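A.B. asks: kindly return the folded structure for what I paste below:
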Amino acid sequence: MVDKTTPKPKSAAKTKAVGKATPKKDVALLSGGNPQIAKGYGDEPVQAYIAAMPGWKSAVGKRLDAIIAKTVPGVEKAVKWNSPFYGVEKGNWFLSFHVFAKYIKVAFFRGAQLEPEPPVTSKQKDVRYFHIHEDDELDEKQLVDWVKQASMLPGERM
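C.D. replies: You can find the predicted model right below:
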């Protein structure tokens, strides 16, 4: 049976994402299509979240995860509040991302200290966001630079 609520993904070439994934049938999608994944630590819950991301977002999620893992060897991973979190030590996070209906929101918890700052501000003083839409061209060089910088700053305890 074809899920007609999920739009057909366009070419992933523009986002430089790799592969296609179909959401697992047993994972509920919350408002905006965000996968409902149980809280957990390690790579397994993060990969379950990414596999359940609807449409084009799953390929971008795989690419984000690969970039973060390559940029920060040994990065700690978790799913909390239905979002993947990345840190240099368990419980001390520098980055997260979350699915919305029309984009993926990448959150840098100390983003105000990054140079240049990610473009979207937050109600929280230090947090900055980077939004990825379906047809956006992902500037991987800039993303890698932000990930490197963010991983060297004190993380957010959550």
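
A.B. asks: ok, and the closest non-adjacent residue to the residue nearest to the spatial centre of the chain?
C.D. replies: Residue closest to the average C-alpha location in the chain (Cα atoms, centre = their mean): Phe97, at 3.3 Å. Closest residue in space to Phe97, ignoring its immediate chain neighbours: Val106 at 4.7 Å, by Cβ to Cβ, 6 or more residues apart in numbering. (Glycine included, C-beta is placed from N, CA and C.)

A.B. asks: quick one: contacts for the one you found?
C.D. replies: 64, 95-97, 118, 129-132, 143 (Cβ atoms under 8 Å, 6 or more residues apart in numbering).

A.B. asks: sorry, back to before: residue contacts, the residue nearest to the centre of the chain?
C.D. replies: Phe97 touches 61, 64, 83-84, 104-107, counting by Cβ under 8 Å, 6+ apart.

A.B. asks: likewise for His133?
C.D. replies: His133 neighbours (Cβ under 8 Å, 6+ apart): 102-103.

A.B. asks: from Lys80, how far out is the closest residue to Glu115 other than its chain neighbours?
C.D. replies: Counting by Cβ to Cβ, 6+ apart, the nearest residue to Glu115 once its immediate chain neighbours are dropped is Gln149, at 7.0 Å. In this view, Gln149 and Lys80 are 22 Å apart by Cβ to Cβ, to the nearest Å.

A.B. asks: and the least confident helix or strand in the chain by mean pLDDT, what other elements does it pack with?
C.D. replies: Least confident helix or strand of the chain, by mean pLDDT, DSSP states H and E, is strand 156-157 with a mean of 76. Where contact means 3 or more Cβ pairs under 8 Å, 6 or more residues apart in numbering; DSSP states H and E, strand 156-157 is packed against strand 92-99.
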